[in-house]
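J.: could you look at this predicted model? Sequence included:
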Amino acid sequence: MTIISWIFLGLLAGAIAKFLLPGRDPGGFVGTTLIGIAGAFIGGWISARWLDHPISKDFYDGATWASAIGGSLVLLIAYRIFFGHSRD
(Lines give C-alpha, C1' and ligand atoms only; values in the text may rest on other atoms or scores of the structure.)
Protein backbone atom coordinates (compact mmCIF):
# COMPACT_ATOMS: atom_id res chain seq x y z
CA MET A 1 0.00 0.00 0.00
CA THR A 2 1.17 3.52 -0.67
CA ILE A 3 1.40 6.31 1.88
CA ILE A 4 -1.81 7.84 0.49
CA SER A 5 -3.74 4.63 1.09
CA TRP A 6 -2.39 4.44 4.67
CA ILE A 7 -3.57 8.01 5.28
CA PHE A 8 -6.98 7.17 3.85
CA LEU A 9 -7.08 4.01 5.95
CA GLY A 10 -6.14 6.13 8.98
CA LEU A 11 -8.98 8.55 8.31
CA LEU A 12 -11.46 5.70 8.17
CA ALA A 13 -9.90 3.96 11.18
CA GLY A 14 -10.14 7.19 13.19
CA ALA A 15 -13.82 7.54 12.29
CA ILE A 16 -14.50 3.92 13.27
CA ALA A 17 -12.56 4.34 16.52
CA LYS A 18 -14.58 7.47 17.30
CA PHE A 19 -17.79 5.54 16.58
CA LEU A 20 -16.69 2.69 18.87
CA LEU A 21 -15.57 5.10 21.59
CA PRO A 22 -18.07 7.97 21.59
CA GLY A 23 -17.70 10.98 23.79
CA ARG A 24 -16.08 14.33 23.96
CA ASP A 25 -12.51 14.46 22.71
CA PRO A 26 -10.06 17.16 23.70
CA GLY A 27 -8.91 17.64 20.10
CA GLY A 28 -12.25 17.61 18.32
CA PHE A 29 -12.64 16.30 14.80
CA VAL A 30 -9.19 17.31 13.59
CA GLY A 31 -7.47 15.75 16.59
CA THR A 32 -9.42 12.53 16.21
CA THR A 33 -8.54 12.41 12.51
CA LEU A 34 -4.84 12.86 13.22
CA ILE A 35 -5.03 10.21 15.95
CA GLY A 36 -6.63 7.86 13.41
CA ILE A 37 -3.84 8.40 10.90
CA ALA A 38 -1.14 7.93 13.55
CA GLY A 39 -3.00 4.88 14.91
CA ALA A 40 -3.05 3.28 11.47
CA PHE A 41 0.70 3.69 11.12
CA ILE A 42 1.43 2.50 14.65
CA GLY A 43 -1.00 -0.43 14.39
CA GLY A 44 0.55 -1.50 11.09
CA TRP A 45 4.04 -1.22 12.51
CA ILE A 46 3.15 -3.24 15.63
CA SER A 47 1.44 -5.85 13.47
CA ALA A 48 4.46 -6.23 11.23
CA ARG A 49 7.06 -6.03 13.98
CA TRP A 50 5.69 -8.09 16.86
CA LEU A 51 2.63 -9.98 15.65
CA ASP A 52 4.43 -11.53 12.67
CA HIS A 53 1.82 -10.33 10.19
CA PRO A 54 3.53 -8.42 7.40
CA ILE A 55 1.80 -5.35 6.07
CA SER A 56 -0.44 -6.44 3.25
CA LYS A 57 -0.30 -4.84 -0.15
CA ASP A 58 -4.05 -5.33 -0.36
CA PHE A 59 -6.16 -2.44 0.95
CA TYR A 60 -9.02 -4.77 1.88
CA ASP A 61 -7.05 -7.10 4.16
CA GLY A 62 -8.97 -7.63 7.41
CA ALA A 63 -5.86 -7.87 9.59
CA THR A 64 -4.59 -4.56 8.23
CA TRP A 65 -7.91 -2.89 9.07
CA ALA A 66 -8.00 -4.50 12.53
CA SER A 67 -4.49 -3.30 13.33
CA ALA A 68 -5.26 0.23 12.10
CA ILE A 69 -8.49 0.44 14.12
CA GLY A 70 -6.82 -1.10 17.17
CA GLY A 71 -3.96 1.39 16.98
CA SER A 72 -6.44 4.25 16.65
CA LEU A 73 -8.42 3.04 19.66
CA VAL A 74 -5.30 2.74 21.79
CA LEU A 75 -4.13 6.23 20.85
CA LEU A 76 -7.60 7.72 21.36
CA ILE A 77 -7.85 6.18 24.83
CA ALA A 78 -4.34 7.36 25.74
CA TYR A 79 -5.13 10.84 24.43
CA ARG A 80 -8.28 11.01 26.53
CA ILE A 81 -6.42 9.82 29.62
CA PHE A 82 -3.60 12.36 29.30
CA PHE A 83 -5.46 15.36 27.86
CA GLY A 84 -9.13 14.65 28.59
CA HIS A 85 -9.57 17.27 31.28
CA SER A 86 -8.10 20.17 29.33
CA ARG A 87 -11.48 21.24 27.86
CA ASP A 88 -13.35 21.38 31.18
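T.: Cool, got the structure.

J.: surely residue 68 touches residue 44?
T.: Yes - in this structure residue 68 lies within contact range of residue 44 using C-beta atoms under 8 Å: 6.4 Å. Where C-beta positions appear, they are placed from N, C-alpha and C, glycine not excepted.

J.: ok, those two, which is more surrounded?
T.: Shown here are residue 68 and residue 44; by other C-beta atoms under 10 Å, residue 68 has more neighbours (27 against 23).

J.: and that one, which helix or strand is it part of?
T.: Assignment of secondary structure by DSSP states H and E places residue 68 within helix 62-83.

J.: over to residue 60?
T.: Assigned by DSSP H and E, residue 60 belongs to neither a helix nor a strand.

J.: next, count neighbours for it.
T.: 7.

J.: same deal with the one 10 residues further on?
T.: Residue 70: 18 surrounding residues under other C-beta under 10 Å.

J.: you'd agree it is up against residue 45?
T.: No - counting by C-beta under 8 Å, residue 70 does not reach residue 45; the two are 11.9 Å apart.

J.: and the gap between the residue nearest to residue 23 when sequence neighbours are not counted and residue 35?
T.: Of all residues not flanking residue 23 in the chain, residue 80 sits nearest, at 7.5 Å (C-beta to C-beta, 6 or more residues apart in numbering). Using C-beta to C-beta, to the nearest Å, residue 80 is found at 10 Å from residue 35.

J.: then residue 21?
T.: With C-beta to C-beta as the criterion, residue 21 and residue 35 are 11 Å apart.

J.: what does stretch 32-39 contact?
T.: 6-7, 10-15, 17-18, 25, 27, 68-76, 79 (C-beta atoms under 8 Å, 6 or more residues apart in numbering).

J.: can you select the buried ones among those residues for me in PyMOL?
T.: Entered in PyMOL, the line below selects the buried ones among those, by 16 or more other C-beta atoms under 10 Å:
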select buried, resi 6+10+11+12+13+14+15+17+18+25+27+68+69+70+71+72+73+74+75+76+79
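
J.: helix, strand, or coil at residue 45?
T.: Three-state call for residue 45 (DSSP: H, G, I helix; E, B strand; the rest coil): helix.

J.: kindly report the same for residue 48.
T.: Per three-state DSSP, residue 48 ends up helix.
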